[in-house]
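A.B. asks: Have a look; sequence and predicted model below, questions after that.
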Amino acid sequence: MAPVDKQLVVFDFDWSMADQDTDRWIFEVLAPDLRRKMKTLKDEGMTTQMHASRAQSLREAHARGIKREQIENALRIMPFHPAMARGVDNLKKTGRTTFLCLSNSNSVFISTILEDKKLTHIFDEVITNPAEWKDELLSLRRRVDPAGTQHTCSVGCSPNMCKGEELEAFLARAGKEFDRVVYVGDGSNDFCPILRMREQDLVLCRSHRGLSSRIAKEGKEKGLKPTIQYWAGAWEVEEIFATL
Ligand SMILES: [Mg+2]
Ligand SMILES: [Zn+2]
């Protein structure tokens with residue numbers, strides 16, 4: 001695709017910008033039994049409880065003496081492809097692209113990794129679940145406060161946030177029209193935002209994951225408009241970014 005003047009690149013984080021899932025990885029590294037519990041909940045289809053279980057797993061990790069430094073180190077050694085770092089950095093340098101992160105991970109995991117990879121300058125905004133260190137405990141909140149108004153998404157976004165509504169709200173407050181929106185994602189919760197994209201937009205969908213199967217199953221019936229391009233390795237995203 002040829003370059004345009006005003007471009008927005010939207011990034012999911014886990015398995016899209018990063019080459020792993022932050023929530024799962026830290027437990028795989030530091031407490032595999034907690035990772036197993038998480039997987040059991042997922043296999044039983046308890047997705048609404050998953051955010052609560054992440055917060056609970058962090059409290060359990062804290063109770064057994066796992067330190068902030070260990071969690072930060074686990075995040076720093078998490079797979080992150082050098083081609084992805086290079087690709088986003090080079091695209092940022094052209095000055096024509098705004099970057100938005102839309103992630104169901106949390107603010108601390110994302111900022112720890114971006115700092116380590118020297119990529120804190122990339123995103124104009126990071127929309128995710130707020131988190132903060134309280135001494136050695138990482139305390140999580142939901143992007144959509146469970147006590148407040150809930151989102152109205154019917155596409156299957158998690159209660160934490162509707163990525164489609166977040167994207168629309170971002171576009172409304174950006175105060176400018178983008179010639180092209182490019183969405184980089186892999187998961188089933190990336191389906192809702194891409195349903196709101198236009199014909200001139202582009203989806204860079206990671207192959208063989210939740211998003212690709214939803215596109216195959218529901219894309220046509222739901223009237224999906226943007227061009228879809230599939231990728232497997234971050235080097236392919238770098239290659240595509242070089243043309244944008
Ligand atoms: Mg993802
Ligand atoms: Zn949604």
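C.D. replies: Yes, it's here. Ligands and ions are numbered 1, 2, ... in the order given.
A.B. asks: Tell me where the chain is predicted with low confidence.
C.D. replies: Counting by pLDDT under 70, the low-confidence segments of the chain come to 46-50.
A.B. asks: Enumerate the residues of it near ligand 1.
C.D. replies: 12, 14-16, 186-187 (CB under 5 Å from the ion). Any C-beta I mention is one placed from the backbone N, CA and C, and that applies to glycine too.
A.B. asks: Columns neighbour count and distance to ligand 2 on top of these, output as a markdown table?
C.D. replies: Formatted as a markdown table, these follow (neighbours: other CB atoms under 10 Å; distance: CB to the ion, whole Å):
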| residue | neighbour count | distance to ligand 2 |
| --- | --- | --- |
| 12 | 24 | 13 |
| 14 | 22 | 17 |
| 15 | 19 | 18 |
| 16 | 27 | 17 |
| 186 | 22 | 16 |
| 187 | 21 | 12 |
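A.B. asks: Pick the one among these closest to residue 53.
C.D. replies: Set against residue 53, the nearest of those by CB to CB is residue 14 (15.9 Å).
A.B. asks: Is ligand 2 within reach of stretch 222-232?
C.D. replies: No: figure legend: stretch 222-232 not in contact with ligand 2 (CB under 5 Å from the ion); closest approach 12.1 Å.
A.B. asks: Show residues contacting that stretch.
C.D. replies: Stretch 222-232 has contacts (CB atoms under 8 Å, 6 or more residues apart in numbering) with 1, 181, 183, 194-195, 197-208, 212, 215, 218-219, 237, 240.
A.B. asks: In ChimeraX, select just the buried ones from these.
C.D. replies: If you want just the buried ones from these in ChimeraX, going by 16 or more other CB atoms under 10 Å, the selection is:
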select :181,183,194,195,197,201,202,203,204,205,206,212,215,219,237,240
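A.B. asks: Just the ones of the contacts of stretch 222-232 in helices?
C.D. replies: Among those, the members found in helices (DSSP state H) are 194-195, 212, 215, 218, 237, 240.
A.B. asks: Rebuild these as a markdown table, extending it with distance to ligand 2.
C.D. replies: Converted to a markdown table, the ones in helices among the contacts of stretch 222-232 look like this (distance: CB to the ion, whole Å):
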| residue | distance to ligand 2 |
| --- | --- |
| 194 | 11 |
| 195 | 8 |
| 212 | 18 |
| 215 | 15 |
| 218 | 13 |
| 237 | 24 |
| 240 | 25 |
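A.B. asks: Quick one: these as TSV, columns for distance to residue 128 too.
C.D. replies: Below are the ones in helices among the contacts of stretch 222-232 laid out as TSV (distance: CB to CB, whole Å):
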residue	distance to residue 128
194	18
195	21
212	23
215	23
218	25
237	20
240	24
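A.B. asks: The longest strand along the chain and ligand 2, are they touching?
C.D. replies: Longest strand in the chain, counting residues (DSSP state E): strand 97-106. No: using CB under 5 Å from the ion, strand 97-106 stays clear of ligand 2, coming no nearer than 10.7 Å.
A.B. asks: And that strand, how far out from the chain middle?
C.D. replies: 6 Å (CA atoms, centre = their mean, to the nearest Å).
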